[in-house]
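J.: Sequence and predicted structure below; questions after.
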Amino acid sequence: SQKIEQNSEALNIQEGKTATLTCNYTNYSPAYLQWYRQDPGRGPVFLLLIRENEKEKRKERLKVTFDTTLKQSLFHITASQPADSATYLCALDGDSGGGADGLTFGKGTHLIIQP
Amino acid sequence: DTGVSQNPRHKITKRGQNVTFRCDPISEHNRLYWYRQTLGQGPEFLTYFQNEAQLEKSRLLSDRFSAERPKGSFSTLEIQRTEQGDSAMYLCASSHTVSEQFFGPGTRLTVL
């Protein structure tokens, strides 16, 4: 079955630096990959989607890369701020690859930006 | 507020009781999803509706769980004969296309 791995430990970054989060997957060929932010006690909030034929996508201070050969996505937050502290979830489309199924999520990486 | 809403936000019940949760999606979204999330884990897919049709159910969904989406609008998720292992956050999401999903705030279930 497919498996998604994200940094299981908290990631501590100094304010102003670039935070880089990793998502690796196995036994899978997703049509697209998504990143979500989740704050404690709240539902996930969509950030970015990248398709299998795209290598990079940007949105303001966020950048996502997608390497289907390495089966890896990197999520970057530049000029990080304490308000960026949250859990970041990587998600892939469902088993069929057609995207109609629900998303398969990683466990998430807890990011802490220290002032 | 035109986002996804869920009710109740919190539910405490005794083992063996039945519970029902409601989700109101964003009005123009025809796709609706239910997920379950436990502490330290990502959301796990439970079931998916396109309009009123339930198109997929996860193997995780036992026969004690049932979901409906009458008229393709709001959805309900019922858990019968609750067990302590059912304690979790139940999340609903909706989407218009096969792309980003918009999540509600969740219903936190505690089974005593």
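T.: Yes, it's here.
J.: so what's B:I26 up against?
T.: Listed by CB atoms under 8 Å, 6 or more residues apart in numbering or on different chains, the contact set of B:I26 reads B:T2, B:G3, B:V4, B:S94, B:H96, B:F102. Where you see a C-beta, it was placed from the backbone N, CA and C, and this is true even at glycine.
J.: Out of the residues you listed, which one has the lowest pLDDT?
T.: Among the contacts of B:I26, B:T2 carries the lowest pLDDT, at 77.
J.: re earlier: hmm, which of the contacts of B:I26 are the buried ones?
T.: Neighbour counting with 16 or more other CB atoms under 10 Å in any protein chain shown marks B:V4, B:S94, B:F102 as buried within those.
J.: Considering the residues you listed, which is situated nearest to B:P70?
T.: Set against B:P70, the nearest of those by CB to CB is B:S94 (15.5 Å).
J.: tally of neighbours for B:F21?
T.: Using other CB atoms under 10 Å in any protein chain shown, B:F21 is surrounded by 21 other residues.
J.: That one and B:G104, how far apart?
T.: 10 Å (CB to CB, to the nearest Å).
J.: Now the common contact residues for those two.
T.: Common contacts of B:F21 and B:G104 (CB under 8 Å, 6+ apart): B:Q6, B:C92.
J.: quick one: the residue in chain A sticking out farthest from the centre and chain B, what's the gap?
T.: Of all residues in chain A, A:P115 sits farthest from the chain's C-alpha centroid, using CA atoms, centre = their mean; the distance is 22.9 Å. A:P115 sits 26 Å away from chain B when distances are taken as CB to the nearest CB, to the nearest Å.
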